[in-house]
Every structure is written in structure tokens, then in C-alpha cells.
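[1] Pasting a predicted model and its sequence here:
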Amino acid sequence: MTSVFIVDDHYMVIEGIKSLLSHVNGIEWMGHATNAASCLAFLHKQQPDVILMDINLPDKSGIDLCKEVRDKYPGVFIIGLSTFNQQSFIQKMMENGASGYMLKNATQEELVEGIETVMKGKLYLSGEAAQSLQKNTETSIPMLTRREKEVLQLVAEGMTNNEIAEKLFISPNTVDTHRKSLLAKFGAKNTASLIRMAAQMRLI
């Protein structure tokens with residue numbers, strides 16, 4: 001059973017999403033908060049599996065709240081929720097640790113698919129959000145060698161350098177070289193942001 005919590009200051013949005021999810025098997029509604037302060041107060045007592053988080057909250061930006069929640073409760077998955085299909089919002093939410101992003105006009109199928117996807121530890125972008133990112137990343141997708149693509153895929157699966165080396169019959173040093181090359185090509189600070197960027201570009 002996956003427990004879901006929503007943070008949004010629009011009652012109609014809360015009620016709409018609640019009614020979409022109320023009859024879905026395997027999803028349990030944990031409640032809602034209408035601002036960042038009440039969200040943090042709730043999390044202090046109990047944590048849901050997934051939070052659907054509005055980007056525009058009255059007392060704090062959802063982008064900042066996302067980072068705060070991920071820092072304090074790393075086990076909680078966050079899906080950004082917005083009426084804005086703007087690349088910069090999506091990017092910032094993902095950089096601050098969100099596992100997904102969807103627009104408030106999402107269908108029940110998208111909502112359920114998003115929740116199930118992030119629960120598997122994968123990233124989820126609803127169709128329109130993915131298209132928005134795609135427009136801005138198409139020109140900047142780095143050229144990767146076949147080997148780099150293989151290493152990227154295995155890094156995304158959570159394998160260590162030694163495990164990748166064993167699987168590809170190359171030395172751990174060579175894997176490390178490929179890993180560094182990937183970080184450089186993507187301009188990523190660390191492995192987590194590398195995977196996030198590669199996922200946004202639909203490379204993994």
C-alpha cells in the first residue's frame with residue numbers, strides 16, 4: 001500500500017486529486033496540507049511514501065520546500081504539481097530532489113503511473129512536462145560513445161564501478177574514466193544529477 005499526501009493551497013485541486021485516487025487499489029490517502037508550515041508539522045509526526053507538492057504555496061515556494069523535505073526525510077518521494085509547464089520550474093524541482101513532475105490537468109492514469117514510477121525509484125515526467133524539457137535539451141544532448149551509454153545505463157541501475165567492470169569485462173579504472181567523462185559531458189556535479197539529466201533527456 002502506497003500512502004499519498006498532497007500539499008496545495010487550492011481546495012478544488014485537493015478534492016479533485018483525492019477523488020481520482022480514492023478508488024485506486026494499492027493507494028492510501030494520508031491527507032493534505034495547504035501550506036509549507038503545516039506540511040512540515042505533519043511530516044514531523046508521520047511520513048507518507050509520496051508527496052504531491054504544488055510549486056506555488058502561500059508561505060514558501062514548493063521548490064524550496066521540496067529541498068527541505070528531501071534533506072530531512074530522504075525516504076519520501078516528491079512529485080511536483082503545477083499549472084506551469086515551464087522548463088525552469090521543472091528543472092529546479094528535479095534539481096532539488098523531486099522524483100517527478102506533472103501538471104494539474106493530469107489524468108487519473110498519469111497520477112497513478114507517476115506514483116507507481118517514483119515508488120520504483122525511477123523518475124516520472126508527465127507527457128507535457130517531458131515535452132517542455134525535451135524542447136530545451138534536444139540541442140544540448142551530449143554525444144556519447146557506445147561504451148559510455150552502457151556505463152551510463154549501469155550507473156543508473158545503481159551498480160558500483162567494480163560491478164560495472166565485471167559485467168563489461170573492463171577494469172574498474174576504465175569504468176572510472178568513463179564515469180568522469182560522462183560527468184564532464186553532461187556538466188553534472190555528481191552521479192545523482194547525472195542520472196537525473198540523462199533521464200530528462202530520455203537517454204536512460
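    In hand now; what should we look at?
[2] now stretch 89-101: how far from the chain's centre is it?
    Relative to the mean C-alpha coordinate of its chain, stretch 89-101 is positioned 6 Å out (C-alpha atoms, centre = their mean, to the nearest Å).
[3] How about stretch 153-165?
    Chain-centre distance of stretch 153-165: 20 Å, with C-alpha atoms, centre = their mean.
[4] what does stretch 151-159 give?
    How far stretch 151-159 lies from its chain's middle: 17 Å, per C-alpha atoms, centre = their mean.
[5] cool, stretch 5-12 as well?
    The answer for stretch 5-12 is 19 Å, by C-alpha atoms, centre = their mean.
[6] measure that stretch end to end?
    Terminal residues of stretch 5-12 are spaced 15 Å apart (C-alpha to C-alpha, to the nearest Å).
[7] Tell me the confidence at the nearest residue to residue 127 once chain neighbours are set aside?
    On the basis of C-beta to C-beta, 6 or more residues apart in numbering, the spatially nearest residue to residue 127 that is not a chain neighbour turns out to be residue 110, at 7.5 Å. In short, each C-beta sits where N, CA and C put it, glycine included. The per-residue pLDDT reported for residue 110 equals 92.
[8] host element of residue 110?
    With elements taken from DSSP states H and E, the one containing residue 110 is helix 108-119.
[9] I'd like to know which elements that helix is packed against.
    strand 2-7, helix 11-21, strand 50-54, strand 77-82, strand 100-103, strand 124-125 (3 or more C-beta pairs under 8 Å, 6 or more residues apart in numbering; DSSP states H and E).
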